[in-house]
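Chemist: No sequence on hand, only this structure:
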């Protein structure tokens with residue numbers, strides 16, 4: 001029925017309801033039935049098809065359609081097939097960031113796509129697509145990407161989407177099975193690899209790769225100055241080479257079987273979440289010259305009972321040692337900053353030693369530790385830095401003056417929160 005007219009009206013499609021305002025089955029869209037069905041012709045204007053579309057938000061320019069979003073229809077199909085045309089105009093661009101379907105099929109007319117969705121598991125890309133937005137990498141359940149063999153711009157290798165020459169990563173499906181991503185030696189760019197959604201994936205470089213090298217359970221850049229990835233199934237002790245100067249974000253995160261790690265002297269910063277969740281880790285050697293211990297660096301290292309903090313360390317990040325098994329802490333004279341909750345919920349922490357110097361200490365830095373609970377008197381200080389005001393005293397100080405201990409250099413955030421007092 002494509003192209004049929006009735007006066008000023010055009011055949012828009014077919015529907016099982018003769019009074020439907022919009023056809024369930026659009027002309028040119030294709031449909032199939034397993035049983036006999038009666039269909040009624042639905043007539044209207046091209047404008048009705050484009051701007052009144054029940055499934056998509058669309059716009060038209062120069063007889064070409066851009067789909068900007070999904071708004072549903074009478075039936076929500078498990079497979080969303082993008083039409084080749086709407087209202088007689090060719091669909092050339094598709095931007096869908098919240099479609100509820102598990103599978104989306106992009107037709108051969110489309111040249112540009114931006115696709116993502118919380119439920120998306122599979123996508124087919126037609127032969128004309130030459131531009132793909134970055135949103136696809138954030139589809140956490142995406143398992144399978146298929147590209148038309150006639151597409152001259154993109155290809156899939158080992159379930160991973162690349163440009164046609166396999167030199168640039170376009171999308172590593174976050175829902176893809178497996179624990180290792182092998183970077184082929186032809187690949188020159190993997191910037192699109194989403195480390196957040198794929199933090200348990202070991203990135204391994206094929207021999208001859210121009211991006212990096214893999215030695216045992218650790219991947220580095222070519223000069224071995226930066227740790228890129230660590231095998232989450234690694235066991236026992238890991239000693240990094242002396243050439244290493246930089247650690248990747250989440251370097252050893254969830255390496256649940258490693259027991260000991262030695263960090264070389266060239267490393268100045270322990271990046272955020274370096275050892276998070278390393279539940280069997282018992283020993284870490286930190287290098288002299290280390291400046292910072294990042295946010296959550298040792299969070300959840302329950303078997304790590306002792307860490308020697310180098311004399312060069314200046315700052316300890318938020319939650320750096322929270323929920324760890326650390327029993328004692330000796331802060332070096334170089335320390336200037338301890339962030340919020342740095343040692344919170346270290347329930348075995350019984351001893352804290354600190355220099356008598358100015359240290360900026362965040363709220364709850366030592367909350368729920370054995371050491372803090374054992375403190376007596378009105379106040380608790382780390383060195384000369386006040387971190388806690390006895391709650392029992394708070395209740396009896398209404399309209400009274402509270403005297404901060406002589407020689408106090410700093411007062412941590414929240415020390416006098418809700419304190420019932422008149423003067424300080």
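Modeler: Yep, that arrived. Owing to the predicted nature of the structure, the values given are computational and were not obtained by experimental measurement.
Chemist: Heading C-terminal from the worst-scoring helix or strand of the chain on mean pLDDT, find the next helix or strand.
Modeler: Using mean pLDDT, DSSP states H and E, helix 391-394 stands out as the lowest-scoring helix or strand of the chain, at a mean of 54. Moving toward the C-terminus from helix 391-394, the next helix or strand (DSSP states H and E) is strand 410-411.
Chemist: Run me through the strand neighbours of the helix or strand hosting residue 123, direction for each.
Modeler: Secondary structure from DSSP H and E places residue 123 in strand 122-125. In the sheet, strand 122-125 lines up against strand 103-105 (parallel), strand 144-147 (parallel) (DSSP bridges).
Chemist: What strand or helix carries the residue most central in space within the chain?
Modeler: With distances taken as CA atoms, centre = their mean, residue 196 lies nearest the centre of the chain, 2.8 Å away. Under DSSP H and E, no helix or strand contains residue 196.
Chemist: Need phi/psi at it.
Modeler: Main-chain dihedrals, residue 196, degrees, to the nearest 10: phi -70, psi -50.
Chemist: Can you give me the distance of it to residue 17?
Modeler: According to CB to CB, to the nearest Å, residue 196 stands 46 Å off from residue 17. All C-beta atoms are positioned from the backbone trio N, CA, C, and that covers glycine.
Chemist: same deal with residue 256?
Modeler: 57 Å.
Chemist: Ok, residue 242 next?
Modeler: 75 Å.
Chemist: Likewise for residue 334?
Modeler: As judged by CB to CB, residue 334 and residue 17 stand 77 Å apart.
Chemist: who has more neighbours, those two?
Modeler: residue 334 (16 against 12; other CB atoms under 10 Å).
Chemist: So for residue 99, what's the nearest residue that isn't a sequence neighbour?
Modeler: Leaving aside its chain neighbours, residue 99 sits nearest to residue 70 (4.2 Å; criterion: CB to CB, 6 or more residues apart in numbering).
Chemist: Each with direction, which strands does the helix or strand where residue 161 lies pair with?
Modeler: Per DSSP H and E: residue 161 is located in strand 160-163. Strand 160-163 has its sheet partners listed here by DSSP bridges as strand 154-157 (antiparallel), strand 169-171 (antiparallel).
Chemist: Of all the residues in the helix or strand just after the shortest one, which ones are buried?
Modeler: Think strand 169-171. Downstream of strand 169-171, the next assigned helix or strand under DSSP H and E is strand 180-183. Residues of strand 180-183 classed as buried by neighbour count (16 or more other CB atoms under 10 Å): 181-183.
Chemist: check contacts around residue 319.
Modeler: Contact analysis of residue 319 by CB atoms under 8 Å, 6 or more residues apart in numbering lists 295-296, 299, 339-342, 344.
Chemist: which one of those sits closest to residue 104?
Modeler: Nearest to residue 104, judged by CB to CB, of these is residue 296 at 36.0 Å.
Chemist: The closest one contacts residue 321, correct?
Modeler: No - here residue 296 does not reach residue 321: they are 9.1 Å apart, not a contact under CB atoms under 8 Å.
Chemist: Could you check which of these two has the larger neighbour count?
Modeler: Using other CB under 10 Å as the criterion, residue 296 and residue 321 rank with residue 321 on top: 29 against 25.
Chemist: Correct me if wrong, but that one is in a strand.
Modeler: No - using DSSP: H, G, I helix; E, B strand; the rest coil, the assignment for residue 321 is coil, not a strand.
Chemist: Next, find the distance separating it from residue 331.
Modeler: Applying CB to CB, the value for residue 321 to residue 331 is 12 Å.
Chemist: same check, this time on residue 100
Modeler: Counting by CB to CB, the gap from residue 100 to residue 331 is 52 Å.
Chemist: Comparing these two, which residue is more hemmed in?
Modeler: For residue 100 versus residue 331, the count of surrounding residues by other CB under 10 Å is larger for residue 331: 18 against 14.
Chemist: Looks like that one contacts residue 355 (just checking).
Modeler: Yes - using CB under 8 Å, residue 331 is in contact with residue 355, at 6.7 Å.
Chemist: Overlap in contacts, these two.
Modeler: Jointly contacting residue 331 and residue 355 under the rule CB under 8 Å, 6+ apart are residue 383.
Chemist: sorry, back to before: could the strands paired with strand 122-125 go into TSV alongside distance to residue 260 and mean neighbour count?
Modeler: TSV is the format used below for these (distance: least, CB to CB, whole Å; neighbours: other CB atoms under 10 Å):
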stretch	distance to residue 260	mean neighbour count
strand 103-105	46	18
strand 144-147	39	18
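Chemist: Distance to residue 413 for these - can I get that in CSV?
Modeler: Shown next, in CSV, are those (distance: least, CB to CB, whole Å):
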stretch, distance to residue 413
strand 103-105, 48
strand 144-147, 48
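Chemist: Please tabulate these in TSV, including the columns distance to residue 384 and mean pLDDT.
Modeler: Output for the strands paired with strand 122-125, formatted as TSV (distance: least, CB to CB, whole Å; pLDDT from 0 to 100):
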stretch	distance to residue 384	mean pLDDT
strand 103-105	62	95
strand 144-147	59	97
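Chemist: quick one, which of the ones you listed is nearest to residue 31?
Modeler: Closest approach to residue 31 among those is made by strand 103-105 (14.1 Å; CB to CB).
Chemist: ok, residues contacting that closest one?
Modeler: 78-82, 96, 115, 117, 120-124.
Chemist: OK, contacts around residue 147?
Modeler: Counting by CB under 8 Å, 6+ apart, residue 147 makes contact with 124-125, 154-156, 161.
Chemist: what about 6 Å?
Modeler: 125, 154, 156 (CB atoms under 6 Å, 6 or more residues apart in numbering).
Chemist: For the chain, give me the ranges with low pLDDT.
Modeler: Under the criterion pLDDT under 70, the flagged ranges of the chain are 1-9, 21-22, 26-30, 44-52, 54, 72-77, 391-399.
Chemist: Helices of that one, residue ranges please.
Modeler: Using DSSP state H, the helices of the chain run over 46-51, 370-374, 391-394.
Chemist: The closest residue in space to residue 155 that isn't next to it in sequence: neighbouring residues, count only.
Modeler: Nearest residue to residue 155, sequence neighbours excluded (CB to CB, 6+ apart): residue 164, at 5.2 Å. For residue 164, the neighbour count with other CB under 10 Å is 13.
Chemist: Isn't residue 164 up against residue 156?
Modeler: No - the criterion here is CB atoms under 6 Å, and residue 164 misses it with residue 156 at 10.6 Å.
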